[in-house]
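*Asks:* Sequence and computational prediction follow.
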Amino acid sequence: KMFGGKLKFKKGLKKPKVKHHKKKKPKDPLEEQRKVMERFQREVLGVKEEEQLCGKKRKREEEQPEYETQSVKEGEGEILVSHTTVHGFKTRFKEVLEAGDTLIVKNPEVKEGEDEEERVKISMVLSDKSMGIEKPLSFVPKEKVTFKYQKKPVLKEEEKTFEDFLAEKKKERKREIKEDEKKKYTVVEVREKTGMWGYKTKKIKVKGQLSREEILDIRAQAAGDKTGI
């Protein structure tokens, strides 16, 4: 019956509930494997949660490239610095340095106890005796001075896994097989006459390794067969 615009059921009757079936998302096998590994490390190995190797945070950190700082070395020869230009005397800038490296010069004007060395990045290397720096030094050397330099950081080589080792061995084996196959046959190029003036090159595959004399014999035989000798 209808009362006040609202639908009501007779006594003993209930409004049927509509069931909404939720679609289950397919499980990610990699995610499941990660969870199993985390549980194993936590419960069996006693590894703390923040130290777990398969954690997402740890994974992101591992994906970031690592750089290796280079050591400071003594420069060869002497230099004069004018604003952002460096002039070298008996130097080998082009051979040793590049943009991004650091030039290190001792400042004779600093007080005792302060940092005597001033560092500035190299912006360009023009020749063995001329290069540019990103900004002027805080002092102007009045005469030629010695210098040091530090190469820019280099990307650390990733540690090779056992899978990488196997992949390299597999590639190496393929190369060896390919080389062995080449040794089993010798390809001899023979010229054949086509028409009145033309020639074409034909490749003949012969089993085994042939000497120069044997190759010449095959070419002579092929030429003789064509001319009817």
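*Replies:* Done, it's in. Please read these numbers as outputs of a predicted model, since none were measured by experiment. Numbering: from 1, shown residues only.

*Asks:* Give me the contacts around the longest helix that the chain contains.
*Replies:* Counting residues, the longest helix found in the chain (DSSP state H) is helix 162-184. If you take CB atoms under 8 Å, 6 or more residues apart in numbering as the criterion, helix 162-184 is touched by 160, 207-209. (Each C-beta comes from the backbone N, C-alpha and C, glycine too.)

*Asks:* buried stuff in it?
*Replies:* Buried residues in helix 162-184, counted by 16 or more other CB atoms under 10 Å: none are found.

*Asks:* Quick check: closest non-adjacent residue to K193.
*Replies:* Y199 (5.7 Å; CB to CB, 6 or more residues apart in numbering).

*Asks:* Look at that neighbour and report its pLDDT.
*Replies:* The score at Y199 is 74. That number is its pLDDT.

*Asks:* And G100, by the same measure?
*Replies:* pLDDT at G100 comes out at 93.

*Asks:* Where does it fall, secondary structure wise?
*Replies:* Here G100 is covered by no helix or strand, with elements defined by DSSP states H and E.

*Asks:* can you pull the contacts of S123?
*Replies:* 84, 99, 132-134.

*Asks:* coming back round to it: okay, now the residue nearest to K193: neighbour count?
*Replies:* Using other CB atoms under 10 Å, Y199 has 10 neighbouring residues.

*Asks:* Start at 69, not 1
*Replies:* Got it, the first residue is 69 from now on, which makes the last one we talked about Y267.

*Asks:* and it, what element?
*Replies:* Using DSSP H and E, Y267 sits within strand 266-275.

*Asks:* Tell me where this structure is predicted with low confidence.
*Replies:* By pLDDT under 70, the low-scoring segments of the chain are 69-95, 112-131, 180-182, 226-227, 291-297.

*Asks:* any chance you could map the strands in it?
*Replies:* Ranges of strands in the chain, per DSSP state E, are 70-71, 74-75, 135-136, 140-142, 146-150, 153-157, 170-174, 185-195, 198-201, 216-218, 222-223, 253-262, 266-275.

*Asks:* Would you tell me which of those gets closest to D285?
*Replies:* Comparison of the strands of the chain against D285 by CB to CB identifies strand 253-262 as nearest, at 9.8 Å.

*Asks:* List the buried residues of the closest one.
*Replies:* Applying 16+ other CB under 10 Å to strand 253-262 flags 254, 256, 258 as buried.

*Asks:* Bridged to the first one, which residues?
*Replies:* The reference is to T254. With DSSP bridges applied, the residues forming beta bridges to T254 are V274.

*Asks:* Give me the distance between it and K268.
*Replies:* 20 Å (CB to CB, to the nearest Å).

*Asks:* Same check on the last one?
*Replies:* Per CB to CB, V258 is found 10 Å from K268.

*Asks:* hang on, isn't V256 packed against D285?
*Replies:* No - under the criterion of CB atoms under 8 Å, V256 is not in contact with D285, lying 9.8 Å apart.

*Asks:* Before I go, just wanted to say thanks for your time.
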